[in-house]
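K.L.:
Here you go, sequence then predicted model.
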Amino acid sequence: MDSKARPQILEHLQKSLTVTIYDTRWLPCSAKFVALGAYARNTGCLQVFELDGVNLKLISETEAPVRLKCGTFGASSLRERHLASGNFDGHLQIWDLEMPHRALTTASAHKGLLNCIDGCGGQFEGYGPPELATGGKDGCLRVWDIRQPHTAVAAFEPAASDQARECWAVAFGNSFNDEERCLLAGYDNGDVKMFDLRMNSVRWQANVSNGVCGVQFDRQDIEMNKFAVTCLESVFKVYDARTQHPKRGFESLTQKAQAASTLWGVKHLPQNRDVFAVCAGDGTLSLYKYCYPDQRQIKDANGKAMGVAGTVELLSEKTLSSQPIAAFDWSPDKAGLFCCAAFDQCVRVGVVTKLQNL
């Protein structure tokens with residue numbers, strides 16, 4: 001791609017805070033985003049910011065009893081836009097941001113830290129029930145229907161407590177109708193597992209040799225196409241999920257990032273599933289494009305179908321902070337607009353330009 005046509009990552013706004021932020025999420029159909037984290041006194045912080053021209057306004061702030069780790073709007077309708085969050089005591093909570101002084105619902109989800117959360121099915125009918133998935137330090141992965149949020153509707157637990165590996169990342173996918181739905185989970189020992197929620201079983205698993213910090217399908221509401229996995233030691237993998245071989249599973253490519261640090265997470269651009277951002281521990285944000293192979297499926301020696309992995313192209317990168325980018329989210333409404341937070345106690349709003357050239 002010609003250098004003049006390449007996307008550029010621009011920082012639009014930056015705001016210094018007195019709190020540590022662990023997650024940021026855009027409020028759908030708005031110019032607002034939430035920041036979840038902790039005050040120095042070890043209580044939870046839920047802040048709502050709004051873009052106002054060249055300013056970033058703090059429009060509400062709530063202090064929760066326990067530090068907040070992660071959040072999602074994925075299981076809520078566009079009318080309610082309720083936030084689901086996980087905290088350091090293992091609680092799953094649901095918040096009405098119009099009345100954020102107290103959580104609408106609190107459920108005990110995990111023993112210890114609730115590390116990760118994802119939501120699915122809340123915004124459109126025909127793609128399954130509104131559900132949340134949570135992963136914890138206890139090694140458990142649980143699925144919750146927000147219409148009855150006090151009891152998990154599915155649970156995948158280690159065989160024994162001494163075999164538990166901490167679950168660091170979770171993501172829904174393959175939810176293209178009211179029956180099918182899969183769940184990806186990444187663990188601290190490098191395990192990546194795909195659970196079939198219709199069959200309530202493990203569909204596929206692999207080990208990527210490094211702790212898994214982020215997982216994401218390129219789209220939740222389509223038949224599986226591909227998914228990305230980010231790891232410790234500056235490595236990420238992209239799997240072709242169109243074809244699952246009975247022995248080899250999903251074919252993948254492995255990419256060493258230029259940043260020699262942990263890759264904290266991956267987020268696909270909502271408006272283009274082949275473009276994704278990778279957040280690094282040295283404060284670098286990198287933008288990649290997945291390039292499909294000429295053939296996506298071939299036959300092995302026994303005539304069994306197997307997938308073919310593509311390649312990735314680095315489109316742009318920018319150092320936003322001297323500290324790890326711990327939180328990142330694309331705007332679902334404005335292509336290229338993003339919010340993020342690093343451990344320098346700043347939230348940032350940025351934009352990626354020239355996406356129309358891709």
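P.N.:
Sure, I can see it.

K.L.:
Run through the stretch 51-200 of the chain and note the low-pLDDT ranges.
P.N.:
161-162 (pLDDT under 70).

K.L.:
Show me the strands in it, by range?
P.N.:
55-64, 68-72, 83-87, 91-95, 105-108, 114-120, 131-136, 141-145, 154-156, 167-173, 182-187, 191-196 (DSSP state E, counting those that start in this stretch).

K.L.:
Make JSON lines out of those strands and add distance to Phe49 and mean neighbour count.
P.N.:
In short, each C-beta sits where N, CA and C put it, glycine included. Below are the strands of the stretch 51-200 of the chain laid out as JSON lines (distance: least, C-beta to C-beta, whole Å; neighbours: other C-beta atoms under 10 Å):
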{"stretch": "strand 55-64", "distance to Phe49": "5", "mean neighbour count": "15"}
{"stretch": "strand 68-72", "distance to Phe49": "14", "mean neighbour count": "24"}
{"stretch": "strand 83-87", "distance to Phe49": "14", "mean neighbour count": "27"}
{"stretch": "strand 91-95", "distance to Phe49": "15", "mean neighbour count": "23"}
{"stretch": "strand 105-108", "distance to Phe49": "24", "mean neighbour count": "16"}
{"stretch": "strand 114-120", "distance to Phe49": "20", "mean neighbour count": "26"}
{"stretch": "strand 131-136", "distance to Phe49": "24", "mean neighbour count": "28"}
{"stretch": "strand 141-145", "distance to Phe49": "27", "mean neighbour count": "23"}
{"stretch": "strand 154-156", "distance to Phe49": "34", "mean neighbour count": "16"}
{"stretch": "strand 167-173", "distance to Phe49": "25", "mean neighbour count": "26"}
{"stretch": "strand 182-187", "distance to Phe49": "29", "mean neighbour count": "26"}
{"stretch": "strand 191-196", "distance to Phe49": "33", "mean neighbour count": "20"}
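
K.L.:
Rebuild the ones you listed as JSON lines, extending it with distance to Gly303.
P.N.:
Output for these, formatted as JSON lines (distance: least, C-beta to C-beta, whole Å):
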{"stretch": "strand 55-64", "distance to Gly303": "57"}
{"stretch": "strand 68-72", "distance to Gly303": "42"}
{"stretch": "strand 83-87", "distance to Gly303": "46"}
{"stretch": "strand 91-95", "distance to Gly303": "47"}
{"stretch": "strand 105-108", "distance to Gly303": "49"}
{"stretch": "strand 114-120", "distance to Gly303": "36"}
{"stretch": "strand 131-136", "distance to Gly303": "36"}
{"stretch": "strand 141-145", "distance to Gly303": "35"}
{"stretch": "strand 154-156", "distance to Gly303": "33"}
{"stretch": "strand 167-173", "distance to Gly303": "28"}
{"stretch": "strand 182-187", "distance to Gly303": "26"}
{"stretch": "strand 191-196", "distance to Gly303": "25"}
